[in-house]
Structures are given as C-alpha cells and as structure tokens.
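Novice: below is the sequence, then the predicted model.
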Number of protein chains: 2
Amino acid sequence: MLKISRLTDYGLLASVYLARKQGQVVAAREIAGFYHLPVPMVTKVLKKLHQGGLINSHRGAGGGYSFDADVEAVTLGHLIAVLEGPWDLTECETTDDAGHAVCAIRIACPSRRFMFGINSAIKGAFEQVSLGDLTRGVLPKFYAGQSETSVEQMRGA
Amino acid sequence: MLKISRLTDYGLLASVYLARKQGQVVAAREIAGFYHLPVPMVTKVLKKLHQGGLINSHRGAGGGYSFDADVEAVTLGHLIAVLEGPWDLTECETTDDAGHAVCAIRIACPSRRFMFGINSAIKGAFEQVSLGDLTRGVLPKFYAGQSETSVEQMRGA
DNA sequence: GGCAAACAGTACCACCTTGGTCCGGTTTGT
DNA sequence: ACAAACCGGACCAAGGTGGTACTGTTTGCC
C-alpha cells in the first residue's frame, strides 16, 4: 500500500550514518546501537548496500563498513533501487517467467499509460535528492522556488 | 514495496468504465465482465468508491452504480485516497492508538524531513491527473513541454 | 598460534496484509 | 411475488515482511 519497507528505511539510516563518518570503518553494532535497531536487521541491510556497490566492507576484527564515495554522487533513487530492488507502482509491465505480460488487459487498460508517467515522476523525485542532502537535512533544488530551504518551511505551506 | 494494491487498480478501472458511461447506471457484473475480473472484487471496490462519495449507488432490480460528477473535478489523487485510504511512504508521522509517535527516533531521524517532501511530490503527481485524462488516455499539463501529448511519446524519451 | 571481533550466508518462524470467496439481508423494478 | 442488484459482514489461503538464529570465514592482536 504505497509504503517503503522498514528494511529500506533502516538502509537509509545506515547510509546516512556512514556518510557522516565518511571514509571511517564502522561496525554494524555501532549503527544499530545508535538508532536502537536490532543488530541482525542492520547487518542485513548493510550487506545489501555492499552488494549494491554503495559501501565497502572490511572483514575481521576491527572491521565493519565504510562509505568512501562522494555523497553527492549517490541519490536517494540509487539507494532505494539497491535496497528495495526493482519496483513498479503496478504490474502493468511485469512479465512472468516465460516473458508473458502478467496483466491480461494490458493493451486495452486505461490506466497503464498513466502509471508509467506517475512512476517516472516518483523515480524522478527520488533522483533529485542526494545522500549529501540527506546528511545535511536540507532540501535540494528539487522544489522550484524553495531551493536550499529547510523542509520545515515547506511543511508549514 | 512501493506498489499500489490490486484492489485499488480495480477501482481505477471501474471508475474509468463508469466515467465513460457518465450518468448511466451500470451493474457491477457488467464491469467485472468487461475487464474479466472476479465480480465480488469489483463490488467490493465499487462500495468503497460509493462510500467515498465518488459514485452513486442504485439498489434494487436494474440497479447498479453511476458516475454523475464532472470527470475533470475528480483527480487520480482523490481516487487513490478513497481506494487506498490514508497512506504514507513511511511511518514517520504515524501514531499509535494512544496518539504517540510510532517512530522512536522521530526527532533525530535524518530522512523524516525528506520523506515528507517526497510524499508531497508523489501526491502532487497524482493530483495532476484527472479522471477525464484517464478516460481519454492522454497526458495532462503535468509534464512540462509535453502538454497533451500521447504517453507513448514519453515512453520513447 | 590462538582468541575474539566482525562480516557472509542461509535457514527459519510469527505475523500481517492481500486477494479472493461466500453467505444472509435489504431494496426495488416488473 | 420474484428476481436483480446492492449491503455488510465473515472467512480463508497465500505471500510478504520483520525479526531471530546459527554456522562459517576472515582478520587484527596478544
């Protein structure tokens, strides 16, 4: 029902934590402790981020994970893509194992074309927020005329 | 995982069907037959639409549902709000029965402020599409510079 | 060399939501 | 009176989600 999974949420928190300690090696335990989250959940999500190539892992004693890239080069869209996997608002374009469209009325469907547009809009919105924005807690250019203003202002609107 | 429920999807189809036969009374059976959907599912969703005040119901033999309003006055956002109920990308602002915030780290959370913005962006996108647009199958002003063009063109971009 | 810290991988389970069905009741046109 | 159609539930199976546990493997450090 149009919700991000909690795991993805944890992933964003972990990413921000790592980004704020850019270049440093941080153990999963530390992140879990900071946010009061179950350790296994945090390790699970960190694995995903690592497999997605967003963070580096360091095994062995004193190991952990580190974010070494440019915080501006990573977008919220990128993070969600890695954490949530490929997603779509609808099954309009989904195909089964045999490659056949899941939706039986696909051709005649009145909403399919729109869902594609809405999808793009959402992904576009995600793409406009960088990890740097997240760590700073400041809105990016994304909202026309409200560039670099605090989100608090927006909430009042 | 960021998907609208199938029930909501059915609701959109039913709305379009009714909007195309604006003012006419149509039985749930007819809509279900047209889209090859299970009748009880369609009735369920029509009930929701009726309770949400979007369509009128006519009981008794020869009864059914009718859409009598202006197709331009109803937005996709309105439809989804009725069909999906109140939703949010995250539980950032969700409160339990006692009115306490569900999220334990709400104040310090680095992504909360952004989720609010993204949420608004998505709801805004939904708000830009009218039921009339859906029935015509044409993109509205919503996409700057692509006003009133077929969505097919957009897909190629 | 051995211990412990920390990641890797995988299996497992309880719970909730979702999609779908069914049934008895009420309204109303013919 | 009868049947068509909505009304309002209860009900159930399946799948996804959140969370736990356990067994490796790597590596720093004494």
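Specialist: Arrived safely.

Novice: from here on, contacts and neighbour counts on C-alpha atoms
Specialist: Fine.

Novice: so where does residue A:14 fall, helix or strand?
Specialist: Per DSSP states H and E: residue A:14 is located in helix A:6-20.

Novice: what residues of that helix count as buried?
Specialist: A:8-20 (16 or more other CA atoms under 10 Å in any protein chain shown).

Novice: same thing with stretch A:59-78?
Specialist: A:64, A:65, A:66, A:67, A:68, A:71, A:74, A:75, A:76, A:77, A:78.

Novice: contacting residues around the last one?
Specialist: Contacts for residue A:78 were tallied using CA atoms under 8 Å, 6 or more residues apart in numbering or on different chains; they are residue A:127.

Novice: after the helix or strand that contains it comes which helix or strand?
Specialist: If you go by DSSP H and E, residue A:78 is part of helix A:76-84. Next helix or strand after helix A:76-84 toward the C-terminus (DSSP H and E): helix A:112-127.

Novice: chain A against chain B: which residues are in contact?
Specialist: A:1-6, A:9, A:12-13, A:16, A:35, A:84, A:87-90, A:105, A:109-111, A:113-114, A:116-118, A:121-122, A:125-126, A:134-135, A:137, A:139, A:151-152, A:154-155 (CA under 8 Å from any CA of the partner chain).

Novice: if we can go back for a sec, ok, the buried residues of stretch A:59-78 vs DNA strand C, which is closest?
Specialist: DNA strand C lies nearest to residue A:64 out of these, by CA to the nearest atom of the strand, at 3.1 Å.

Novice: test my guess that that closest one contacts residue A:28.
Specialist: Yes - with contact defined as CA atoms under 8 Å, residue A:64 counts as touching residue A:28 (6.4 Å).

Novice: got the domain ranges for chain A?
Specialist: A:6-66, A:87-156 (automatic domain parsing).

Novice: just to revisit the earlier point, got the angle for the helix holding residue A:78 vs helix A:112-127?
Specialist: Relative orientation of helix A:76-84 versus helix A:112-127 (axes from the mean of the first three to the mean of the last three CA atoms, to 10 degrees): 110 degrees.

Novice: helix A:76-84 and DNA strand D in contact?
Specialist: No - for helix A:76-84, no contact with DNA strand D is found by CA under 7 Å from any atom of the strand; the gap never falls below 8.1 Å.

Novice: pLDDT of that helix, averaged?
Specialist: When pLDDT is averaged along helix A:76-84, the result is 95.

Novice: tilt between that helix and helix A:6-20?
Specialist: Using the same axes, to 10 degrees: helix A:76-84 against helix A:6-20 is 130 degrees.

Novice: restricting to C-alpha, output helix A:76-84 in PDB.
Specialist: Provided in PDB are the C-alpha atoms of helix A:76-84 (Å, rounded to 0.1, in the frame of the first residue of the first chain):
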ATOM      1  CA  LEU A  76      18.000   8.600  -2.900                       C
ATOM      2  CA  GLY A  77      16.800   6.900  -6.000                       C
ATOM      3  CA  HIS A  78      20.000   4.900  -6.200                       C
ATOM      4  CA  LEU A  79      19.700   3.900  -2.600                       C
ATOM      5  CA  ILE A  80      16.100   2.800  -2.900                       C
ATOM      6  CA  ALA A  81      16.800   0.900  -6.100                       C
ATOM      7  CA  VAL A  82      19.500  -1.100  -4.300                       C
ATOM      8  CA  LEU A  83      17.500  -1.600  -1.100                       C
ATOM      9  CA  GLU A  84      14.100  -2.200  -2.500                       C
END
